[in-house]
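J.: sequence-free structure coming up:
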């Protein structure tokens, strides 16, 4: 099991809900392997709540088998010998039993994989809603439902759901930041920690499988690029677990990975009719797998990209090299992937890491900006990797930044910053306050860059500095 990092705000959220003393009906959901179960188990263990919170995982099984297991768990939790002899036979009985337990004291009930419970007992949401309204909401019960992203966003959270409007708190668990991903291999060189994010993103379920005693590419080979590798078919499993019509979603992701960025290009390459493509793109956006980008300022045609680094890696390399992987041509496959990755995906990972560095530096007060909007900008062939706006002041403060995954000497640093200044003049801002010009390079091969007062130059050393507190 890998380290548990960068979940301080989520732990505080759970603490606050537990400490409220009132009845709580909470929802924690997110994509496969994002760390939902680990978060709640760590919270229960670290807060010493094992004797007050019953944690139950629903499985794909018939209703009565699930209720029998739950009755056994409740009997152990409460020491109720009668319950052990006479199991509960309906969810109504379970919820009434919990209501009685929580009448005078705080009792927690965590139901993980809630979607499987609903599959076995379709009437469960209605039963929970009715008893919440009439009994549970007047107790000290703490109910926490957990499950997959799509099943909740399309079902439990929908306006037609019996539970709509009943939740006292909802937490969508997101992947870790680019700065936190490196915590899973803290002894690696900083460049390899950025590359690690470029392969596995911020999904703890992938990062925790990394062996930090091995090198980056040894791990990539072991987990992705050899026959029967741990994550060789992970993209298929992810889509099958969350979605129907998997083949169409697969085709859309393959099209974007191959370079299709516009709606028309994606429709053409994927074979998904244009009139229905929007539905598939919307679901992938809701899952955080695809991002629809527009320039952070002004107008510009939208473009689509795979937002999840792991799927970006998987769809770029696994289908293309699948035959060679299955034939055991591991060394040649690794070399081909490594060469392409360094020129294409590693720079994207560095851009995303730079955005996280800007946010962290602003939080620490190292940059005189409080970003209210951040994103890339492009117009008529010109592009800036990151524009951050501070609209809390008038006129707004603007930060413009370029990421370069390369080693730069003094002359190149000056040239890039001068070019950035020129491009920034084209930003569609009628009035602006201070402008900050930032260059983030992999390495700065310049002992004393001659920076102007409004310029900042970062390297991997600054990445290490800004990431150092994320692992605690």
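T.: That came through fine. Predicted, not measured: the structure shown is a model, and the values here were computed from it.
J.: can you give me the strands for the chain?
T.: Listed in chain order, the strands found in the chain under DSSP state E are 24-30, 53-57, 107-112, 141-148, 169-172, 290-293, 303-306, 373-379, 382-390, 397-409, 435-445, 455-458.
J.: Turn those into CSV, including distance to residue 335.
T.: All C-beta spots, glycine's among them, are computed from the backbone N, C-alpha and C. Shown next, in CSV, are the strands of the chain (distance: least, C-beta to C-beta, whole Å):
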stretch, distance to residue 335
strand 24-30, 35
strand 53-57, 42
strand 107-112, 42
strand 141-148, 37
strand 169-172, 39
strand 290-293, 30
strand 303-306, 24
strand 373-379, 31
strand 382-390, 29
strand 397-409, 19
strand 435-445, 21
strand 455-458, 30
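J.: right, and these - which one's nearest residue 182?
T.: Closest approach to residue 182 among these (C-beta to C-beta): strand 435-445, 14.6 Å.
J.: quick one: buried residues of that closest one?
T.: By neighbour count with 16 or more other C-beta atoms under 10 Å, strand 435-445 contains the buried residues 435-442, 444.
J.: That strand - contacts with which helices or strands?
T.: Applying 3 or more C-beta pairs under 8 Å, 6 or more residues apart in numbering; DSSP states H and E, one finds that strand 435-445 makes contact with helix 330-364, strand 397-409, helix 410-424, strand 455-458, helix 460-467.
J.: In contact with the spatially most central residue of the chain, which residues?
T.: Residue closest to the mean C-alpha point of the chain, counted by C-alpha atoms, centre = their mean, is residue 175 at 2.3 Å. By C-beta atoms under 8 Å, 6 or more residues apart in numbering, the contact list for residue 175 reads 31, 34, 201-204, 288, 308.
J.: roughly how far apart are it and residue 243?
T.: Plainly put, residue 175 is 18 Å away from residue 243 if you go by C-beta to C-beta, to the nearest Å.
J.: right, and residue 101 touches residue 108 too?
T.: No. Using C-beta atoms under 8 Å, residue 101 is not in contact with residue 108, being 10.2 Å away.
J.: Of those two, which one has the most company?
T.: residue 108 (23 against 19; other C-beta atoms under 10 Å).
J.: Count the residues that sit near residue 1.
T.: 6.
J.: Ok, residue 342 next?
T.: Counted with other C-beta under 10 Å, residue 342 comes out at 13.
J.: Could you shift the numbering so residue one becomes 576, and keep it that way?
T.: That works, and once the first residue is 576, the last one we named lands at residue 917.
J.: Can you check what pLDDT the model gives the residue nearest to the centre of the chain?
T.: On pLDDT, residue 750 comes in at 95.
J.: residue contacts, residue 665?
T.: 642, 702.
J.: at 7 Å what do you get?
T.: Shown here is residue 665, which makes no contacts under the criterion C-beta atoms under 7 Å, 6 or more residues apart in numbering.
J.: will you turn the helices and strands packed on strand 1010-1020 into TSV that also has distance to residue 721 and mean pLDDT?
T.: Shown next, in TSV, are those (distance: least, C-beta to C-beta, whole Å; pLDDT from 0 to 100):
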stretch	distance to residue 721	mean pLDDT
helix 905-939	27	97
strand 972-984	36	97
helix 985-999	45	96
strand 1030-1033	38	97
helix 1035-1042	29	96
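J.: With adjacent residues omitted, what lies nearest to residue 860?
T.: Nearest non-adjacent residue to residue 860, counting by C-beta to C-beta, 6 or more residues apart in numbering: residue 867, 6.0 Å away.
J.: so how many other residues sit close to that neighbour?
T.: 14.
J.: Mind listing the residues bridging to it?
T.: residue 879 (DSSP bridges).
J.: Contact partners for it?
T.: Applying C-beta under 7 Å, 6+ apart, the residues near residue 867 are 860, 877, 879.
J.: Return the set of buried residues in stretch 580-589.
T.: 580-582, 585-586, 588-589.
J.: Can you tell me which of the residues you listed is nearest residue 851?
T.: residue 585 (36.0 Å).
J.: isn't that closest one right next to residue 613, touching?
T.: No. Residue 585 is beyond contact range of residue 613, at 10.7 Å (criterion: C-beta atoms under 7 Å).
J.: Who are the contact partners of the nearest residue to residue 946 once chain neighbours are set aside?
T.: Leaving aside its sequence neighbours, residue 946 sits nearest to residue 963 (C-beta to C-beta, 6+ apart; 4.3 Å). Contacts for residue 963 (C-beta under 7 Å, 6+ apart) come out as 933, 944, 946, 949, 974.
J.: Leaving out sequence neighbours, find the closest residue to the second one.
T.: Sequence neighbours aside, residue 965 is the residue nearest to residue 944 in space, at 4.4 Å (criterion: C-beta to C-beta, 6+ apart).
J.: What's the separation between that neighbour and residue 942?
T.: 9 Å.
J.: Now list whatever residues contact both of those two.
T.: If you check residue 965 and residue 942 against C-beta under 7 Å, 6+ apart, no residue is contacted by both.
J.: Show me how to select, in PyMOL, the buried members of the contacts of residue 867.
T.: Of the contacts of residue 867, the buried ones go into a single PyMOL selection, burial set by 16+ other C-beta under 10 Å:
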select buried, resi 879
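J.: Now render the contacts of residue 867 as a markdown table, adding distance to residue 998 and pLDDT.
T.: Listed next are the contacts of residue 867 as a markdown table, based on distance: C-beta to C-beta, whole Å; pLDDT from 0 to 100:
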| residue | distance to residue 998 | pLDDT |
| --- | --- | --- |
| 860 | 28 | 92 |
| 877 | 21 | 90 |
| 879 | 23 | 96 |
